[in-house]
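[1] quick one: sequence and predicted model below, then my questions.
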Amino acid sequence: MIIQWSEEDDCFLVSLPDFPGQKWRTHGETYEEAVANGKEALESLIISYEADGESLPEPNIYKMAG
């Protein structure tokens, strides 16, 4: 899960880059809300993949800049 502040949207945007589709999956007005919404989105994706009999995408390894 990648969480990034968006000045344009005035909120934290949440991305789940290992899952194909739209770039931003959810958001939150606070970092904590974004984390909670990101977890909920991830749980929904897992349930959807399992219901469709699909394997989950292989996780990528991302290195933090710094």
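    Thanks, I have the structure now.
[2] burial count for the residue lying closest to Leu56 once chain neighbours are set aside?
    In space, and not counting its chain neighbours, Leu56 is closest to Tyr49: 5.5 Å by CB to CB, 6 or more residues apart in numbering. Using the backbone N, CA and C atoms, a C-beta is placed for each residue, glycine as well. Tyr49 has 14 neighbours, counted by other CB atoms under 10 Å.
[3] and the one 3 residues further on, by the same measure?
    Here the count is done by other CB under 10 Å, and Asp52 has 7 residues near it.
[4] can you name the residues bridging to the closest residue to Lys23 other than its chain neighbours?
    Sequence neighbours aside, Ser15 is the residue nearest to Lys23 in space, at 6.1 Å (criterion: CB to CB, 6+ apart). As for beta bridges, Ser15 partners with Ile2 under DSSP bridges.
[5] what count of nearby residues applies to Ser15?
    Ser15 - counted by other CB under 10 Å - has 17 other residues nearby.
[6] and it, what does it touch?
    1-4, 23-25 (CB atoms under 8 Å, 6 or more residues apart in numbering).
[7] of those residues, keep whichever come out buried.
    Among those, the ones that count as buried by 16 or more other CB atoms under 10 Å are 1, 3, 25.
[8] flag the shaky bits of this structure, pLDDT-wise.
    Residue ranges of the chain with pLDDT under 70: 22, 62-66.
[9] Provide the backbone phi and psi angles at the residue positioned nearest the centre of the chain.
    Centroid-nearest residue in the chain: Leu16, 3.0 Å away (criterion: CA atoms, centre = their mean). Note on Leu16: backbone dihedrals following degrees, to the nearest 10 are phi -120, psi 80.
[10] I'd like the numbering to begin with 45 instead of 1 from here.
    With the count now opening at 45, the last piece we talked about shows up as Leu60.
[11] so it sits against Ser88, correct?
    No: Leu60 is beyond contact range of Ser88, at 10.4 Å (criterion: CB atoms under 8 Å).
[12] mind checking the SS state of the residue nearest to Leu100?
    When classified by DSSP: H, G, I helix; E, B strand; the rest coil, Tyr93 comes out as helix.
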